[in-house]
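Student: Sequence below, structure please.
(one chain, ligands or ions: 2)
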Amino acid sequence: MSFKFVFQRPRGMNDFLFDEANFLLSLKEEIIKYSQLYSYHYIQTPVLEEEGVFTSSLGQSTDVIQKEMFYLKEREGGIKYVLKPEGTASVIRAYLQNGMHSLPQPVKLFYLDRMYRREKPQAGRFREHHQWGLEIIGSSDPIYDAQIIQVFDRFFKKFKLFDYIFKINSLGCKKDRNKYLKDLKNYYKKNLKNVCKDCQRRYNLNPLRMLDCKEEKCKEYKKNAPSLINYLCKDCEIQISKTLEYLDILEIKYDLDQTLVRGFDYYQRTVFEIFFPETNIAIGGGGRYDNLAQYLGGKVIPAVGGAIGLERLIEILKIHNVKLKMAKSAEIFIAQTTEKTKEYALKIYDELIKNNIPVLENFSKSSLSSQLELANKLGVKYCLIIGHQEIGNKTAILKDMVKRSQEIIAINHLTQEIKKKLKL
Ligand SMILES: [Zn+2]
Ligand SMILES: [Zn+2]
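Tutor: Ligands and ions are numbered 1, 2, ... in the order given. Below you'll find the predicted structure:
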């Protein structure tokens, strides 16, 4: 019976297979090691959160809240759950709920997680994507703003990537921003009919976003718009200038970009994004979000963080032909000839694996020639052959697939000999 139809994976989502999957796995391992080197603790939050975690903190006018969240059909006790569209709000929810304020502050956390957004599928944007995030919670010291950037910067350099830039800006505190927005709206008021439709909408909902409009006809108005940096209070000014000073000390390249605004309401003061010349979208970004805990029902807890999209990072690593340390693949294949030798081979197979020697097999085949053919195809260096005679003699035949030679090895020296040959 044949089917006309097989189920398809969800739109805008990926299957990671073989080489792609191995690359992703190795990248995750590198990220884990690296985050731990900087003493960040791993945190894993549920894939679902209450809708309110995001609706109360990201901003009602953002695309994520307006149209991009995946809702669960089922409601529990009147609560609506959504698939996590981003990581930070979820981490702060966990910080509050688990009383992490009683730990020595700041608390440094990292996550490696999948996020979900119902975006229009297009290049570089997926509905399910991986993020590596860092959060430093419980301090307003600008040295931590710089430290977040430092981890990402050093990570890129470790892989010999140098051609990127951190765009950085300050959004000031709420007070600064309110003053600024008044002037910004005043400025745009007389030109409102000349800017794009999106900007006209943003004018009422989120005028700050008018600054990062990419439309040609809006550029001219952006250029002469008042600059937020001129509206910063003394504290906010110190925050950004100290951050930049620390970046200078660390010799990290950055551009102070006054049009950089970041999408979410919870950001204030420092914001940053990371750009590589190969992609026209940011591969990551972050900033300070001192009010986020308050939006989620807690008190004000100063915090700063950032995240990188792994799909975009992988694209960059591939372009630069970066090789990651992959798991060692098997260089030896174990072959047998009959049911009796299969049982014996199974025990040897078990023994080799116990000794950390990766081994390939196809015990479902009984013809030796077809097993050798397969071993050849798989490109292994050695084939270990178990026959009746070998069982009797407590030996095995080790065939060198490259030199086409073979030798007999005593079973009790087997792992030792193989390790020597494979330089394990
Ligand atoms: Zn301020
Ligand atoms: Zn526009």
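Student: So what sits opposite R125 in the bridge?
Tutor: Note on R125: beta-bridge partners by DSSP bridges are Q122.
Student: what about it, how many residues close to it?
Tutor: The number of residues packed around R125, counting by other Cβ atoms under 10 Å, is 15. Every residue, glycine included, has its C-beta placed from N, CA and C.
Student: ok, so what distance separates it from A282?
Tutor: According to Cβ to Cβ, to the nearest Å, R125 stands 12 Å off from A282.
Student: Check D113 too.
Tutor: 18 Å.
Student: out of these two, which sits in the more crowded spot?
Tutor: Between D113 and A282, counting by other Cβ under 10 Å, D113 is the more crowded of the two (21 against 18).
Student: Helix or strand next in line after the strand or helix carrying that one, which one?
Tutor: Secondary structure assignment for D113, by DSSP states H and E: strand 107-116. Towards the C-terminus, the helix or strand next in line after strand 107-116, according to DSSP H and E, is strand 128-137.
Student: helices or strands next to the helix or strand that that next one is followed by in the packing?
Tutor: Per DSSP H and E, the first helix or strand lying C-terminal to strand 128-137 is helix 142-158. Using 3 or more Cβ pairs under 8 Å, 6 or more residues apart in numbering; DSSP states H and E as the contact criterion, the neighbours of helix 142-158 among helices and strands are helix 18-37, strand 128-137, strand 165-170, helix 234-249, strand 270-275, strand 284-288, strand 303-309.
Student: The third one to strand 303-309, inter-axis angle?
Tutor: What it means is strand 165-170. For the pair strand 165-170 and strand 303-309, the angle between their directions (axes from the mean of the first three to the mean of the last three Cα atoms, to 10 degrees) equals 150 degrees.
Student: and what of the second one?
Tutor: For strand 128-137 against strand 303-309, the angle between stretch directions is 160 degrees (the same axes, to 10 degrees).
Student: Can you list the strands that strand 128-137 pairs with?
Tutor: In the sheet containing strand 128-137, its partner strands are strand 107-116 (antiparallel), strand 303-309 (antiparallel), by DSSP bridges.
Student: In whichever helix or strand comes after the shortest one, which residues are buried?
Tutor: So the one you mean is strand 303-309. Using DSSP H and E, the helix or strand that directly follows strand 303-309 along the chain is helix 310-319. Burial within helix 310-319, assessed by neighbour count using 16 or more other Cβ atoms under 10 Å, is assigned to 310-317.
Student: Could you give the bridge partners of D113?
Tutor: On the basis of DSSP bridges, D113 takes part in beta bridges with Q131.
Student: Quick check: K28 vs ligand 1, distance?
Tutor: When distances are taken as Cβ to the ion, to the nearest Å, K28 and ligand 1 turn out to be 38 Å apart.
Student: circling back: could I get the buried residues of helix 310-319 as TSV with distance to L292 and pLDDT?
Tutor: Converted to TSV, the buried residues of helix 310-319 look like this (distance: Cβ to Cβ, whole Å; pLDDT from 0 to 100):
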residue	distance to L292	pLDDT
L310	23	97
E311	25	95
R312	24	94
L313	25	96
I314	29	96
E315	30	94
I316	29	96
L317	31	97
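Student: So which bits of the stretch 101-250 of the chain are right by ligand 1?
Tutor: Within reach of ligand 1 by Cβ under 5 Å from the ion, the stretch 101-250 of the chain has these residues: 172-173, 176, 233, 236.
Student: how near is the most centrally placed residue in the chain to K193?
Tutor: For the chain, Q131 is the residue whose C-alpha lies nearest the centre (Cα atoms, centre = their mean; 2.8 Å). Counting by Cβ to Cβ, the gap between Q131 and K193 amounts to 39 Å.
Student: cool, and K160?
Tutor: The span separating K160 from K193 equals 50 Å under the rule Cβ to Cβ.
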